[in-house]
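Novice: Sequence first, predicted model second:
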Amino acid sequence: MGVDLRILPQYSQNADFSHDIIDLHRDSDMFELISELENKTGREVPRKGINTFSGQDDKFKETCYGKTTTTQYGYLMKGVLAKELKSILADYKTDSWKNKGFIAFLNELPEELEIWLYWH
């Protein structure tokens, strides 16, 4: 069993939701860089959570659009600024087309946008 990472970029600078989900291919080196950044500078999501398509609802018993505060492992979800993530991935090389696409997407985001990290 491995750990997967889903990227939930903030919709706009003052928004408390994400309409995008970017699932990354497993890449232990890339995930280690991101995890270290999260541990160093990550900020917890607001206590009321953020709205995402990774939300949990007791009525549906499955993932749906709704409040998201914790990962599937029960840990409080954290976010990092786009500029911080850009910085640590600036020279990162990957063979994964999906991860290359994410890095290209990331590089177009505003510097101050929050990138929430959903480990699952």
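Specialist: Yes, it's here. Numbering: from 1, shown residues only.
Novice: Now do the phi/psi pair for the closest residue to Thr69 other than its chain neighbours.
Specialist: Leaving aside its sequence neighbours, Thr69 sits nearest to Gly49 (CB to CB, 6 or more residues apart in numbering; 3.8 Å). From N, CA and C alone the C-beta is placed, and that goes for glycine too. Per-residue torsions, Gly49: phi 90, psi -180 (degrees, to the nearest 10).
Novice: hey, where'd the strands end up in the chain?
Specialist: Per DSSP state E, the chain carries strands over the ranges 5-9, 22-23, 43-44, 50-56, 63-68, 78-81, 114-119.
Novice: possible to save those strands as TSV with mean pLDDT?
Specialist: TSV is the format used below for the strands of the chain (pLDDT from 0 to 100):
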stretch	mean pLDDT
strand 5-9	94
strand 22-23	94
strand 43-44	92
strand 50-56	65
strand 63-68	65
strand 78-81	96
strand 114-119	94
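Novice: Same list, those strands, but as CSV with distance to Ala90 and mean neighbour count please.
Specialist: CSV is the format used below for the strands of the chain (distance: least, CB to CB, whole Å; neighbours: other CB atoms under 10 Å):
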stretch, distance to Ala90, mean neighbour count
strand 5-9, 17, 21
strand 22-23, 18, 15
strand 43-44, 21, 12
strand 50-56, 26, 19
strand 63-68, 28, 16
strand 78-81, 14, 21
strand 114-119, 15, 22
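Novice: Please produce a markdown table containing those, extended by distance to Ser35.
Specialist: Shown next, in a markdown table, are the strands of the chain (distance: least, CB to CB, whole Å):
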| stretch | distance to Ser35 |
| --- | --- |
| strand 5-9 | 9 |
| strand 22-23 | 16 |
| strand 43-44 | 15 |
| strand 50-56 | 18 |
| strand 63-68 | 19 |
| strand 78-81 | 10 |
| strand 114-119 | 8 |
